[in-house]
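**Q** only geometry, no sequence info:
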């Protein structure tokens with residue numbers, strides 16, 4: 001697996017998953033495995049585009065579940081070919097939605113997977129519908145555990161803060 005700075009990855013074809021992927025929890029693992037499988041069937045590279053720190057940590061001071069090295073190891077273990085690790089800071093926040101779309105275009109994505117509430121660019125000016133004007137986009141609905149509750153980094157953080165590691169670890173799927 002190779003790690004890249006934003007705007008440095010040029011590919012003739014790819015399948016891309018974009019997200020914070022903090023914790024690389026069971027929900028993330030499901031999405032990434034499917035993306036990797038899809039890349040194999042299309043015979044193109046798999047790419048995870050992610051952020052350090054995760055946006056929720058940057059804006060709200062949320063606890064980070066996996067540091068960048070842990071996240072990269074987990075992504076490598078899932079069979080990802082390339083990771084774009086964007087430094088999420090004031091400079092990155094100034095990028096326009098078009099800047100992000102142009103960067104993605106350099107990877108020639110055959111498909112892009114994002115959460116159905118994905119936003120990007122300066123002041124969150126871009127959304128899934130804008131992305132769909134340029135690429136084949138697979139917005140994914142939240143992934144739920146056996147009891148029907150959404151698996152999310154926020155929920156895992158809350159369980160950890162409540163001292164319920166026994167409930168959080170199965171959602172992480174790697175503890």
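**A** Okay, I see it. Since the model is a prediction, treat every value here as computed from it, not as a measurement. Numbers count the residues shown, from 1 in each chain.

**Q** C-alpha from now on. contacts and neighbour counts both.
**A** Will do.

**Q** my guess is residue 159 is in a helix, correct?
**A** Yes. Assessed with DSSP: H, G, I helix; E, B strand; the rest coil, residue 159 lies in a helix.

**Q** got a list of what it touches?
**A** Each residue near residue 159 by CA atoms under 8 Å, 6 or more residues apart in numbering is listed here: 165, 167, 168.

**Q** Residue 139 too?
**A** Per CA under 8 Å, 6+ apart, neighbours of residue 139: 113, 114, 115, 116, 128.

**Q** ranges for the helices of this protein?
**A** 26-42, 55-60, 68-77, 90-93, 97-105, 128-132, 153-161, 165-172 (DSSP state H).

**Q** Which phi and psi values does the residue nearest to residue 99 when sequence neighbours are not counted adopt?
**A** The shortest distance from residue 99 to any non-neighbouring residue, by CA to CA, 6 or more residues apart in numbering, is to residue 121 (7.7 Å). The phi and psi values for residue 121, taken as degrees, to the nearest 10, are phi 80, psi 170.

**Q** What number of residues are in the vicinity of residue 121?
**A** 18 (other CA atoms under 10 Å).

**Q** Against residue 100, how distant is it?
**A** 7 Å (CA to CA, to the nearest Å).

**Q** give me the low-pLDDT residue ranges for the protein?
**A** Scanning the chain for pLDDT under 70 picks out the ranges 175.

**Q** For the most centrally placed residue in the chain, which non-adjacent residue is spatially closest?
**A** Per CA atoms, centre = their mean, the C-alpha nearest to the average position across the chain is that of residue 19, at 2.2 Å. In this structure, residue 19 finds its nearest non-sequential neighbour in residue 50, 5.3 Å apart by CA to CA, 6+ apart.
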